[in-house]
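*Asks:* quick one: sequence and predicted model below, then my questions.
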Amino acid sequence: MLRNYRVYHRYLGLCLGLFLLISSITGLLLGWKKNVDLLQPPTQDGLTTDLTQWIPLADMASVATAALDSAQGMPDVPIDRLEARPDKGIVKVLFAEGYWEVQLDGGTGKVLSVAQRHSDWIEHLHDGSIISDGFKLVSMNVLGLGLLVLTLTGVSLWFFPKQIRKLKK
């Protein structure tokens, strides 16, 4: 049985190797995304944290769309989501195409930053959703189960030979 574990362990490791390499490298990059400005633009500070003084979100969306068009020549890019950061006094407007982000002052609507969020495409590569949501589901399950089997067979390959040597003595 132990010899079979070696074969399973070796071939499963070879098959999962590329996925593990991609997942580990992108995981390391994602761990640093808040500390490296190239991966994710730093969060700016707005003038007011008082939400009652903020301009309407619809106005912010219009300003952000115009800012992206002005800075990058990308008109009519759909908005994916708006992230309000009341403690910082800003709203991040994230676009559905190109991984672009526009940061706006919540009180004035002034554009604070227009930048690309490389951490988003790295995250999509990390979890497989860069291909499709179906691939993400299958690949993450295969990767998780593969790691579990590699762990169990690795522990078996380490532990049982020691036990066998003890029995032979």
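*Replies:* Right, received. Where do you want to start?
*Asks:* tell me the centre residue of this protein?
*Replies:* Nearest residue to the geometric centre of the chain (C-alpha atoms, centre = their mean): Glu123, 2.5 Å.
*Asks:* doesn't it belong to a helix?
*Replies:* Yes - counting by DSSP: H, G, I helix; E, B strand; the rest coil, Glu123 is located in a helix.
*Asks:* excluding its backbone neighbours, what's nearest it?
*Replies:* Leu30 (6.0 Å; C-beta to C-beta, 6 or more residues apart in numbering). Every residue, glycine included, has its C-beta placed from N, CA and C.
*Asks:* likewise for Leu143?
*Replies:* Phe19 (5.4 Å).
*Asks:* still on that earlier bit, quick check: the residue nearest to the centre of the chain touching Ser23?
*Replies:* No - the criterion here is C-beta atoms under 8 Å, and Glu123 misses it with Ser23 at 11.3 Å.
*Asks:* returning to what we had before: packing partners of the helix or strand hosting the residue nearest to Glu123?
*Replies:* Here Leu30 sits within helix 2-31, counting by DSSP states H and E. Packing contacts for helix 2-31, counted by 3 or more C-beta pairs under 8 Å, 6 or more residues apart in numbering; DSSP states H and E, involve helix 118-127, helix 133-168.
*Asks:* average pLDDT for that helix, rounded please.
*Replies:* Mean pLDDT, helix 2-31: 87.
*Asks:* quick one, domains of the protein?
*Replies:* 1-39+118-169, 41-116 (automatic domain parsing).
*Asks:* so which of the ones you listed is the most surrounded?
*Replies:* domain 41-116 (a mean of 16; mean count of other C-beta atoms under 10 Å).
*Asks:* report the separation between the two terminal residues of that one.
*Replies:* One end of domain 41-116 to the other measures 7 Å (C-alpha to C-alpha, to the nearest Å).
*Asks:* hmm, Val114 is touching Gly98, no?
*Replies:* No - contact criterion C-beta under 8 Å: Val114 and Gly98 do not qualify, at 11.4 Å.
*Asks:* shared neighbours, these two?
*Replies:* Gln72 (C-beta atoms under 8 Å, 6 or more residues apart in numbering).
*Asks:* which intervals of this structure have sub-threshold pLDDT?
*Replies:* Low-confidence segments of the chain, defined by pLDDT under 70, span residues 2.
*Asks:* tell me the residue furthest from the middle of it?
*Replies:* For the chain, the residue at maximal distance from the C-alpha centroid (C-alpha atoms, centre = their mean) is Lys169, at 51.9 Å.
*Asks:* output the helices and strands packed on helix 2-31 as a markdown table; include the columns distance to Lys110.
*Replies:* Listed next are these as a markdown table, based on distance: least, C-beta to C-beta, whole Å:
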| stretch | distance to Lys110 |
| --- | --- |
| helix 118-127 | 24 |
| helix 133-168 | 36 |
